[in-house]
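In: Only the shape, not the letters, is given here:
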């Protein structure tokens, strides 16, 4: 255990936690920091690490996101070693805000192909691991440690992470569960004009439904605008019922 907690042990504990919650056990780790019986299966992290986790780079594609970009970048500040932002033609303070966080900005007019736009940023990263976020998303603080373990273990080349999708003004998540491959070894590419997906990972791990999450928040009108944009880009992706709903 000189390298810390193995990914398998960490995920086993998370599965234990999910099971306990299902059985009605609401308090797994006590607020005062004392040991809970359910934490005994989790190996102890050594006080000092012999090696540091591999560096992680953040890849983003943005356009006119001055309202939300700062909150997104704050959620990874001090953890990611590199930020690459591909700007599709912003006319507000988006690029200025990205620059304040030390991001490398690549200007490329958005042509409607999401995978192509994202791949520009993926190719520009120099770190061994990649995290992908959108401007309306934030990384949970607890997720950093888990992703460090995934990257350090040598047992996986990517991680599927659950999204906690919240429409602003509504306390309950929508479109649940929603899990995506957002953390992976650099060198992968994406495919798909819309709802793009990562290709090239063979050993992903699946993080638990109970979190920690990527928090995804937007207004209802923003969600419908995005659906309309997706539909106009590739209507063949949608079933008949979805087509009628979007048209209405």
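Out: Cool, got the structure. This structure is a prediction, so every number in the text was calculated from the model and none was measured.

In: Could you identify the helix or strand that succeeds the longest strand seen in the chain?
Out: Across the chain, the longest stretch assigned as strand under DSSP state E is strand 158-167. As assigned by DSSP states H and E, the chain's next helix or strand after strand 158-167 is strand 179-185.

In: that older thread, tell me the helices and strands packed up against the longest strand of the chain.
Out: If you count contacts as 3 or more C-beta pairs under 8 Å, 6 or more residues apart in numbering; DSSP states H and E, strand 158-167 packs onto helix 141-153, strand 179-185, strand 204-206, strand 214-218. Bear in mind the C-beta positions are built from the backbone N, C-alpha and C, glycine included.

In: what are the pairing partners of it, and which direction each?
Out: Sheet pairing for strand 158-167, assigned by DSSP bridges, gives strand 179-185 (antiparallel), strand 204-206 (parallel), strand 214-218 (parallel).

In: Model confidence for the nearest residue to residue 73 once chain neighbours are set aside, exactly?
Out: What sits nearest to residue 73 in space, not counting adjacent residues and going by C-beta to C-beta, 6 or more residues apart in numbering, is residue 101, at 4.4 Å. At residue 101, the pLDDT value in this model is 98.

In: going forward can the numbers begin at 274, since that is how I track them
Out: Noted, 274 is the first residue going forward, which turns the last one into residue 374.

In: Number of residues surrounding residue 425?
Out: Neighbourhood size, residue 425 [other C-beta atoms under 10 Å]: 19.

In: Ramachandran coordinates for the closest residue to it other than its chain neighbours?
Out: Closest residue to residue 425 apart from its sequence neighbours, by C-beta to C-beta, 6+ apart: residue 326 at 4.6 Å. Main-chain torsions, residue 326, degrees, to the nearest 10: phi -60, psi 150.

In: ok so, going back, tell me the buried residues in the longest strand of the chain?
Out: Of all the residues in strand 431-440, those buried under the rule 16 or more other C-beta atoms under 10 Å are 431-438, 440.

In: tilt between it and helix 414-426?
Out: 170 degrees (axes from the mean of the first three to the mean of the last three C-alpha atoms, to 10 degrees).

In: Out of the buried residues of strand 431-440, which comes closest to residue 462?
Out: Residue 462 has its nearest neighbour among the buried residues of strand 431-440 in residue 431, at 12.9 Å by C-beta to C-beta.

In: before we move on, the earlier item: gap between the residue nearest to residue 346 and residue 358?
Out: Noted for residue 374: a distance of 9 Å to residue 358, by C-beta to C-beta, to the nearest Å.

In: Please say which of the two ends up with more neighbours.
Out: residue 358 (27 against 17).

In: What separation do you get for that one and residue 367?
Out: Distance, residue 358 to residue 367, using C-beta to C-beta: 8 Å.

In: Check residue 329 too.
Out: According to C-beta to C-beta, residue 329 and residue 367 sit 22 Å apart.

In: again, but for residue 351
Out: Here residue 351 is placed at a distance of 22 Å from residue 367 (C-beta to C-beta).

In: With neighbour numbers in mind, choose between those two.
Out: residue 367 (24 against 7).

In: Unless I'm misreading it, that one sits right up against residue 341, doesn't it?
Out: No: checked against C-beta atoms under 8 Å, the pair residue 367 and residue 341 is beyond contact range at 9.6 Å.

In: got any residues that touch both of those two?
Out: Taking C-beta atoms under 8 Å, 6 or more residues apart in numbering as the contact rule, residue 367 and residue 341 both touch residue 408.

In: sec struct for residue 407, please.
Out: Per DSSP: H, G, I helix; E, B strand; the rest coil, the local secondary structure of residue 407 is coil.

In: Might you report the residue contacts of it?
Out: 333-335, 345, 489.

In: what sits in contact with each of residue 358 and residue 367?
Out: Joint contacts of residue 358 and residue 367 (C-beta under 8 Å, 6+ apart) are residue 335.
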